[in-house]
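K.L.:
could you work out the structure for the sequence below:
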Amino acid sequence: MALTKNDIVTRVHELGFTKKKSVEIIEALLEIIKSTLEKNEDVLVSGFGKFCVKQKKRRRGRNPATGDDLILKERKVVTFKCSGKLRDKINGQG
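P.N.:
As a prediction, this is how the structure comes out:
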């Protein structure tokens, strides 16, 4: 099961913030991350990981439903690379 934004708000609320303040905190954090990525800047959260904007070149692709060849436009994508600490924790080594 995925952790949703509402789950995060609930956990912040459990720390002693009002529900309204918890929503404001999470919304503000997400807006900061989004605006930073829009400016093509990386977001580094120590001990967690790094969000990066990468430029993808135009390339050939295929429609999986029809098998037709097509050209995928040049575009930007957001990637995430977890930190070594998080990787170790996920693998039970931390």
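K.L.:
neighbours of Gly67, just the number please.
P.N.:
Gly67 has 7 neighbouring residues, counting by other C-beta atoms under 10 Å. All C-beta spots, glycine's among them, are computed from the backbone N, C-alpha and C.
K.L.:
any idea which element it lies in?
P.N.:
Assigned by DSSP states H and E, Gly67 belongs to no helix or strand.
K.L.:
swap in the one 3 residues further on?
P.N.:
Using DSSP H and E, the element containing Leu70 is strand 69-72.
K.L.:
next secondary structure after that strand?
P.N.:
strand 75-82.
K.L.:
what does the very next helix or strand once past that next one rub up against?
P.N.:
Sequence order places helix 84-90 as the next helix or strand after strand 75-82, per DSSP H and E. For helix 84-90, contacts defined as C-beta atoms under 8 Å, 6 or more residues apart in numbering pick out 47-49, 82, 94.
K.L.:
now, of these, which are buried?
P.N.:
Neighbour counting by 16 or more other C-beta atoms under 10 Å classes Gly49 among those as buried.
K.L.:
identify the farthest-apart pair in the contacts of helix 84-90.
P.N.:
With C-beta to C-beta as the measure, no two of the contacts of helix 84-90 lie farther apart than Gly49 and Gly94, at 13.9 Å.
K.L.:
of the contacts of helix 84-90, which belong to strands?
P.N.:
Using DSSP state E, the subset of the contacts of helix 84-90 located in strands is 49, 82.
K.L.:
can you give me the buried ones in the lengthiest helix in the chain?
P.N.:
In the chain, assigned by DSSP state H, the helix with the most residues is helix 19-38. For helix 19-38, burial by neighbour count (16+ other C-beta under 10 Å) applies to 22-23, 25-26, 37.
K.L.:
and His13, what pLDDT?
P.N.:
Confidence at His13, expressed as pLDDT, is 97.
K.L.:
got the contact list for it?
P.N.:
Contact partners of His13, counting by C-beta under 8 Å, 6+ apart, are 19, 22.
K.L.:
now, which of the buried residues of helix 19-38 sits nearest Asp7?
P.N.:
Of the buried residues of helix 19-38, the one sitting nearest to Asp7 (C-beta to C-beta) turns out to be Ile26, at 10.2 Å.
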